[in-house]
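Student: here are the coordinates; sequence isn't available:
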């Protein structure tokens, strides 16, 4: 079994591409893949998109607030299942990016009416449990020194139990081609630019 912990900025286009690549891999892999998506919301990661731009404090605060809202709603959606939550997160991200819409509350209602339980979602999104789950994700990100918008830790439970930290979209997109057990050359090719965790 392969376990992947994907750390994302909920408002980052590279994170969306990483989510899509790893969701496709987990759905199509012949091996069992357990994918866990963890939204990371802190000033360093969230405002990394503003590098080399002059952005006023109000805009930064609004961006941070939106990222926090998306992350909490994603955690609330996870209570109804990982597949529903992943589908929900991508829907919200595509609406915000592709259509340049504010947070799509009407689509959130429509999504849960079709795919889950909307009244349960409304209860969960403001619950203490969801906030605790969110802060647990932040603690895990701090533990692994996640400092890039798109980062993943990959464990192959049938190999030696060690994990590999993959940073950046390009490297994360190589994860489906890693094979710890059969072909060591792909693994060796990328380990020089990543850290291993035991």
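Tutor: On my side now, so go ahead. Model, not experiment: these values are computed from the prediction.
Student: show me where pLDDT drops low in the protein?
Tutor: Residues of the chain meeting the criterion pLDDT under 70: 51-52, 101, 159-161, 179-198.
Student: again, only this time at 80
Tutor: For the chain, the stretches flagged by pLDDT under 80 are 46-53, 55, 99-102, 147-149, 157-162, 178-198.
Student: Determine the longest helix present in the protein.
Tutor: What stands out as the longest helix in the chain, according to DSSP state H, is helix 57-78.
Student: What's the first helix or strand after that helix?
Tutor: Toward the C-terminus, helix 57-78 is succeeded by helix 82-98 as the next helix or strand (DSSP states H and E).
Student: May I see the buried residues of the first helix or strand past that next one going along the chain?
Tutor: Once the chain leaves helix 82-98, the next helix or strand it forms, by DSSP H and E, is helix 105-115. Neighbour-count burial for helix 105-115 flags 107, 108, 111, 112, 115 (criterion: 16 or more other C-beta atoms under 10 Å). Where C-beta positions appear, they are placed from N, C-alpha and C, glycine not excepted.
Student: Look at the closest residue in space to residue 173 that isn't next to it in sequence and tell me its secondary structure.
Tutor: Distance criterion C-beta to C-beta, 6 or more residues apart in numbering; nearest residue to residue 173, sequence neighbours excluded, is residue 21 at 5.0 Å. On the three-state scheme (DSSP: H, G, I helix; E, B strand; the rest coil), residue 21 is labelled helix.
Student: again with the one 5 residues further on
Tutor: Secondary structure, three-state DSSP: residue 26 is helix.
Student: What are the neighbouring residues in contact with it?
Tutor: Shown in contact with residue 26 (C-beta atoms under 8 Å, 6 or more residues apart in numbering): 4, 33, 34, 35.
Student: export these to TSV and tack on distance to residue 62, secondary structure and neighbour count?
Tutor: Listed next are these as TSV, based on distance: C-beta to C-beta, whole Å; DSSP: H, G, I helix; E, B strand; the rest coil; neighbours: other C-beta atoms under 10 Å:
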residue	distance to residue 62	secondary structure	neighbour count
4	31	strand	21
33	36	strand	19
34	35	strand	13
35	30	strand	19
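Student: Same list, those residues, but as TSV with distance to residue 149 please.
Tutor: Converted to TSV, those look like this (distance: C-beta to C-beta, whole Å):
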residue	distance to residue 149
4	16
33	22
34	22
35	17
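Student: now the residue lying closest to residue 92 once chain neighbours are set aside: how far from residue 145?
Tutor: Leaving aside its sequence neighbours, residue 92 sits nearest to residue 70 (C-beta to C-beta, 6+ apart; 5.9 Å). Between residue 70 and residue 145 the computed distance is 23 Å (C-beta to C-beta, to the nearest Å).
Student: So which of the two has more stuff around it?
Tutor: Neighbours were counted for residue 70 and for residue 145 using other C-beta atoms under 10 Å; residue 70 has more, 21 against 10.
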